[in-house]
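S.K.: what follows is a protein structure lacking sequence information:
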């Protein structure tokens, strides 16, 4: 009896099972590593030496939340949002107005700031997502500057505080924390860290979903997608609203931690910091904007101490972009890919997934 065909058939059957097992093991390992990183991040207040660096790290985390939203929109849609400050600062102002002017409780004010800014993103996105990349960028900037001028109008000073801004007085607690506790970096850090981790997980899941695939196809060739029968408007609007929700989360964190809303939060320079951090780290991966925000925050501290903040910041940004066009995370991604290819040998298959990307 010839058993060779039976053996070959069994081997072919075992191959998909073995591949599925390896995939499950890889996913389990990733999940364990992610949980370990999240848990390790929560322990940072105990490891940091002083409150100064803890405060700096908290600022970097808040900046990173907004940068994750900006990076998602850049990578998936090819759209750059110059008016980032309009959404983040707008959320901060909504918290201030609802708590100070209307006397709402802390939790209600926080929820109103987040959902109100997200609703504004949906309204604005419905009007501008059809625009080409350059007009889109300028429209977002124009809308943010309009909001900045609105809060500075003298006739609305009794409501918005004018150029002096508004000191936020929260009534009650948020997430079981009072305003005094939220102002302490070590106590506020878990809130900022978990928000950042949740934002990264959200954009990673969106990149892996059908929405992410459609968005990348639209970015590659909008006209072909429309001729193929795909709706290119609603996916872009959904991506803009998702990015707006994440950016509004950064504004909410700012309101809870600093307890102050000022027109400076709506300036182009404030939103420009988010864009610079995203470009430095690289928008092609989820981790890139976080890395860029961390380097930007600590770089600003060092450069500010020299007395030549703008000069050194400009030089550093130019050098980083010239040396790493795809960002630092993109550079590290390339190094890892080359290392894996060298280890695999000439017969190995090149690695195409080396970092946790949006479209993994």
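M.R.: Sure, I can see it. Computed from a predicted model, the values in this text were never measured in an experiment.
S.K.: where does pLDDT dip in this protein?
M.R.: 1-22, 25, 49-50, 345-360 (pLDDT under 70).
S.K.: isn't residue 255 up against residue 261?
M.R.: Yes: between residue 255 and residue 261 a contact is recorded at 6.6 Å, counting by C-beta atoms under 8 Å. For glycine as for every other residue, the C-beta is placed from the backbone atoms N, C-alpha and C.
S.K.: shared neighbours of these two, which are they?
M.R.: With contacts taken as C-beta atoms under 8 Å, 6 or more residues apart in numbering, the residues that reach both residue 255 and residue 261 are 92, 95-96, 168.
S.K.: can I get those in TSV with secondary structure, distance to residue 194 and neighbour count?
M.R.: Written out in TSV, the entries for those read as follows (DSSP: H, G, I helix; E, B strand; the rest coil; distance: C-beta to C-beta, whole Å; neighbours: other C-beta atoms under 10 Å):
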residue	secondary structure	distance to residue 194	neighbour count
92	helix	19	31
95	helix	19	32
96	helix	23	26
168	coil	21	23
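S.K.: how about the strands in the stretch 151-300 of the chain?
M.R.: Using DSSP state E, counting those that start in this stretch, the strands of the stretch 151-300 of the chain run over 166-167, 260-261.
S.K.: closest one to residue 121 out of the shared contacts of residue 255 and residue 261, please.
M.R.: When those are compared for distance to residue 121, the smallest value, 14.5 Å, is given by residue 92; criterion: C-beta to C-beta.
S.K.: from residue 149, how far out is that closest one?
M.R.: Taken as C-beta to C-beta, to the nearest Å, the spacing of residue 92 relative to residue 149 amounts to 17 Å.
S.K.: quick one: what helix or strand has the spatially closest residue to residue 215 that is not a sequence neighbour in it?
M.R.: The shortest distance from residue 215 to any residue other than its chain neighbours is 4.2 Å, reached at residue 76 (C-beta to C-beta, 6 or more residues apart in numbering). Residue 76 belongs to helix 51-77 when elements are defined using DSSP states H and E.
S.K.: what of residue 28?
M.R.: Using DSSP H and E, residue 28 falls within helix 4-42.
S.K.: so after that helix, what's the next helix or strand?
M.R.: As assigned by DSSP H and E, the chain's next helix or strand after helix 4-42 is helix 44-47.
S.K.: buried set for that following helix?
M.R.: 44-45 (16 or more other C-beta atoms under 10 Å).
S.K.: quick one: neighbours of residue 153, just the number.
M.R.: A count of neighbours around residue 153, defined by other C-beta atoms under 10 Å, yields 11.
S.K.: for it, phi and psi?
M.R.: The main-chain torsion angles of residue 153 are listed as degrees, to the nearest 10 and equal phi -60, psi 130.
S.K.: and it, what does it touch?
M.R.: For residue 153, the contact set (C-beta under 8 Å, 6+ apart) comprises 160, 162.
S.K.: swap in residue 199?
M.R.: When contacts are taken as C-beta under 8 Å, 6+ apart, residue 199 is in contact with 65, 68-69, 246, 249.
S.K.: count the residues that sit near residue 227.
M.R.: Count around residue 227 with other C-beta under 10 Å applied: 9.
S.K.: distance of it relative to residue 221?
M.R.: When C-beta to C-beta is the yardstick, residue 227 and residue 221 sit 9 Å from each other.
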